[in-house]
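1. quick check, what structure comes out for this input:
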Amino acid sequence: MAEKTYQIKPHFRKKFKPLQVKQIIEEVLADKLGKEKYHVDMAARAAKEITDIVKAKLKEMDWDRYKYVVQCVIGEQRGEGVKMGSRCYWDQETDSSASATFSNDSLFCACVAFGVYLY
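-> Numbers count the residues shown, from 1 in each chain. As a prediction, this is how the structure comes out:
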């Protein structure tokens, strides 16, 4: 008879690591937006590409039973401020998030990735 193994929480080496995720996001933003100038069509396309790339890189991390939500906002740089926030209902021991920003003379970008552990 096979031994049953039930894992309620992830092993500490298999937890979502916000610092690693922040580095991933920063690399993707610099690569995709480094030389871009703001344009509405570019912003929509780039936001989708960025979220897809970040999500794919997170899946490569091999953190079992995690689901990811990635949000990216790109706007025109006009010298004005912007505030962004999020609120989540989750398990503090297993779920987490990471974010990074990018800006140049033409645009700004904020990207956040959420890792939610499925029980």
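2. whichever strand or helix holds Lys55 - contacts with which helices or strands?
-> Counting by DSSP states H and E, the element that carries Lys55 is helix 40-60. Applying 3 or more Cβ pairs under 8 Å, 6 or more residues apart in numbering; DSSP states H and E, one finds that helix 40-60 makes contact with helix 18-33, strand 66-76, strand 107-117. To be clear about C-beta, it is placed using only N, CA and C from the backbone, and glycine gets the same treatment.
3. who wins for proximity to Ile50 among the ones you listed?
-> Ile50 lies closest to strand 66-76 among the helices and strands packed on helix 40-60, at 4.7 Å (Cβ to Cβ).
4. which is the succeeding secondary structure element to that closest one?
-> strand 96-103.
5. for that following strand, which residues meet the burial criterion?
-> 96-100, 102 (16 or more other Cβ atoms under 10 Å).
6. identify the residues contacting stretch 77-96?
-> 9-10, 15-16, 18, 38, 71, 73, 75, 97, 103-108, 110, 112, 114-117 (Cβ atoms under 8 Å, 6 or more residues apart in numbering).
7. how far does it stretch from start to finish?
-> One end of stretch 77-96 sits 29 Å from the other (Cα to Cα, to the nearest Å).
8. just the mean pLDDT for it, thanks.
-> Mean pLDDT, computed over stretch 77-96, is 92.
9. gap between Met42 and Asp52?
-> Met42 sits 16 Å away from Asp52, going by Cβ to Cβ, to the nearest Å.
10. for Phe108, that is, sorry about that
-> The value you get for Phe108 to Asp52, if Cβ to Cβ is used, is 20 Å.
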